[in-house]
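**Student:** Sequence plus predicted model, see below.
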Amino acid sequence: MLKEPVQIKNVTLKNRLVMPPMATYKTAGDGKVTQDILDYYAARAAGGNIGLIITEHGYICRQGKAGEKQISFAADADPESLKKLVDVIHQNGSKAIAQLNHAGSAASEAVTGEKPVSASRVILPVTPPMGDGTVPEELTEAQIAEIVQAFADAAVRAKDAGYDGVEIHSAHSYLLNQFYSPLTNQRADAYGGSLDNRLRIHREVIAAVRSAVGPDYLVALRLGGCDYVEGGSTIEDSVYAAKVFEEAGVDLIDLSGGMCRFTRPGHEEAGYFKDMSLAVKAAVNVPVILTGGVKTAEQAEALLAEGAADLIGVGRELLKNPKWADEQLA
Ligand SMILES: Cc1cc2nc3c(=O)[nH]c(=O)nc-3n(C[C@H](O)[C@H](O)[C@H](O)COP(=O)(O)O)c2cc1C
């Protein structure tokens with residue numbers, strides 16, 4: 001099944017292998033894609049064996065910049081180097097999606113020049129710590145509206161650069177994840193409390209992005225669906241959220257962890273978020289990506305065969321070995 005093509009919206013992927021977003025943090029600090037970054041993606045795309053490459057998280061506005069050397073989809077984005085990045089991914093038939101992110105309280109003032117912000121005044125419950133360790137400021141409704149617009153503007157920049165789609169980042173403890181998780185969202189207004197309220201910003205971002213890129217463009221969302229910790233978000237929450245996203249117009253759901261980030265304590269098996277992806281896949285009609293712990297094509301096949309997902313992400317193996325897909329899928 002891994003080698004079977006799949007159509008998502010108007011985009012046909014040649015197979016079901018996904019290179020998930022992995023931050024290289026290799027810009028010169030100006031958000032521009034460098035030759036180093038182009039070479040890194042070119043080496044993985046060259047064999048033409050990765051159906052979909054989702055590029056590393058890029059910041060949508062300065063306030064949401066996660067690292068000094070992160071790539072930019074914000075106002076300072078460099079359209080020419082983004083086009084080159086898409087071109088190297090397209091060179092042998094892979095498709096390209098841009099992951100768009102606001103880091104929220106995982107950002108630090110040293111990088112952004114602004115006070116870190118979040119859903120609530122809560123320090124991120126993550127190990128190792130992220131951000132600058134200060135209590136973030138709670139976003140006002142007006143500031144939330146600005147962030148929603150920044151996601152839409154960033155999506156247009158990605159579309160203009162030739163990307164086949166965009167992915168809204170709501171995993172790994174970044175801003176949208178901070179709204180989703182009850183561990184970090186303690187708001188008393190329309191953006192907090194019930195799960196439906198904690199997903200309000202997501203619905204607004206999806207609607208704004210959709211209206212900016214048009215009805216035919218592929219919009220994905222990466223959900224840190226479960227925190228796997230007492231009092232955190234649950235698999236039931238992720239099922240509910242996935243249905244909300246589908247209803248709101250998301251074409252592809254990419255699953256990962258929440259406050260546990262992209263690993264899961266006590267689990268290293270192939271497909272360690274499979275309990276979540278099985279539940280989500282059963283509840284939605286849009287395709288689902290499962291990532292985490294896959295080291296061989298055989299393991300990816302087995303996960304597809306048991307219906308755990310429609311596409312399988314392989315991250316660290318591709319990071320270590322640019323020819324992993326060429327060797328495994330040959
Ligand atoms: C160095 C590194 C950087 C990462 N950067 C991102 C990122 O920018 N956005 C994201 O959603 N996930 C990021 N991840 C998580 C990966 O997309 C993936 O979910 C994780 O590596 C687990 O999959 P694996 O077991 O196949 O490596 C990163 C992972 C690594 C190792």
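**Tutor:** Received the coordinates, thanks.
**Student:** mind listing the helices for this structure?
**Tutor:** With helices called from DSSP state H, the chain shows them at 35-45, 79-90, 109-112, 141-160, 175-180, 195-198, 200-213, 235-248, 274-283, 297-305, 316-320, 324-329.
**Student:** who in the protein is up against the ligand?
**Tutor:** Listed as neighbours of the ligand in the chain under the rule C-beta under 6 Å from any ligand atom: 20-23, 56-57, 99, 169, 171-172, 222, 256, 262, 291-294, 313-316, 319. In short, each C-beta sits where N, CA and C put it, glycine included.
**Student:** what's the neighbour count on the nearest residue to G67 once chain neighbours are set aside?
**Tutor:** Excluding its sequence neighbours, the residue lying closest to G67 (C-beta to C-beta, 6 or more residues apart in numbering) is Y25, at 5.0 Å. When neighbours are counted by other C-beta atoms under 10 Å, Y25 registers 13.
**Student:** what about N177, distance to the ligand?
**Tutor:** 10 Å (C-beta to the nearest ligand atom, to the nearest Å).
**Student:** Which stretch among the helices of the chain is buried most, on average?
**Tutor:** Mean neighbours per residue, mean count of other C-beta atoms under 10 Å, is largest over the helices of the chain for helix 175-180, with a mean of 29.
**Student:** for the record, mean pLDDT for it?
**Tutor:** Averaged over helix 175-180, pLDDT sits at 98.
**Student:** Equivalent analysis for stretch 85-93, please.
**Tutor:** The average pLDDT within stretch 85-93 is 98.
**Student:** Over to stretch 148-160?
**Tutor:** 98.
**Student:** Please list all residues in contact with the closest residue to A107 other than its chain neighbours.
**Tutor:** Distances taken as C-beta to C-beta, 6+ apart put P116 closest to A107, at 5.1 Å, once the chain neighbours are dropped. By C-beta atoms under 8 Å, 6 or more residues apart in numbering, P116 lies in contact with 104-109, 131-132, 134, 136-137.
**Student:** Just send the residues you listed back as TSV, with pLDDT too.
**Tutor:** TSV is the format used below for the contacts of P116 (pLDDT from 0 to 100):
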residue	pLDDT
G104	98
S105	98
A106	98
A107	98
S108	97
E109	97
G131	92
D132	90
T134	92
P136	98
E137	98
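**Student:** I figured A42 was touching Q91, is that so?
**Tutor:** Yes - counting by C-beta atoms under 8 Å, Q91 is a contact partner of A42 at 7.0 Å.
**Student:** What subset of the contacts of P116 is buried?
**Tutor:** Those of these that meet the buried threshold are 104-108, 131-132, 136, by 16 or more other C-beta atoms under 10 Å.
**Student:** quick check, nearest of the residues you listed to the ligand?
**Tutor:** A106 (11.5 Å; C-beta to the nearest ligand atom).
**Student:** and A96, how far is that from L311?
**Tutor:** As for A96, its distance to L311 is 15 Å (criterion: C-beta to C-beta, to the nearest Å).
**Student:** Tell me what V288 is bridged to.
**Tutor:** Going by DSSP bridges, V288 is paired in beta bridges with I253.
**Student:** wait, what's in contact with L218?
**Tutor:** Applying C-beta under 8 Å, 6+ apart, we find L218 in contact with 8-11, 97, 164-166, 251-252.
**Student:** what would those residues look like in a markdown table with neighbour count and pLDDT?
**Tutor:** Below are the contacts of L218 laid out as a markdown table (neighbours: other C-beta atoms under 10 Å; pLDDT from 0 to 100):
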| residue | neighbour count | pLDDT |
| --- | --- | --- |
| I8 | 21 | 98 |
| K9 | 17 | 96 |
| N10 | 11 | 94 |
| V11 | 19 | 98 |
| I97 | 26 | 99 |
| D164 | 24 | 98 |
| G165 | 24 | 98 |
| V166 | 29 | 99 |
| D251 | 20 | 98 |
| L252 | 26 | 98 |
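**Student:** can you list the residues you listed in CSV and add distance to G31?
**Tutor:** Converted to CSV, these look like this (distance: C-beta to C-beta, whole Å):
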residue, distance to G31
I8, 28
K9, 28
N10, 29
V11, 26
I97, 19
D164, 21
G165, 21
V166, 17
D251, 27
L252, 26
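**Student:** Return the subset of those lying in strands.
**Tutor:** Cross-referencing these against strands under DSSP state E gives 8, 11, 97, 165-166, 252.
**Student:** Show me which of the residues you listed is closest to A158.
**Tutor:** Taking C-beta to C-beta as the measure, A158 sits nearest to V166 out of the ones in strands among the contacts of L218, at 5.0 Å.
**Student:** For the closest one, list the residues it contacts.
**Tutor:** So V166 contacts 97-100, 154-155, 158-159, 209, 213, 217-220 (C-beta under 8 Å, 6+ apart).
**Student:** Against P20, how distant is it?
**Tutor:** 15 Å.
**Student:** what do you get for Q35?
**Tutor:** Distance from Q35 to P20, by C-beta to C-beta: 23 Å.
**Student:** Contacts only, for the residue of the stretch 151-300 of the chain found nearest the ligand.
**Tutor:** Nearest residue of the stretch 151-300 of the chain to the ligand: F262, at 3.8 Å (C-beta to the nearest ligand atom). For F262, the contact set (C-beta under 8 Å, 6+ apart) comprises 171-172, 256, 291-292, 315.
**Student:** Thank you, goodbye.
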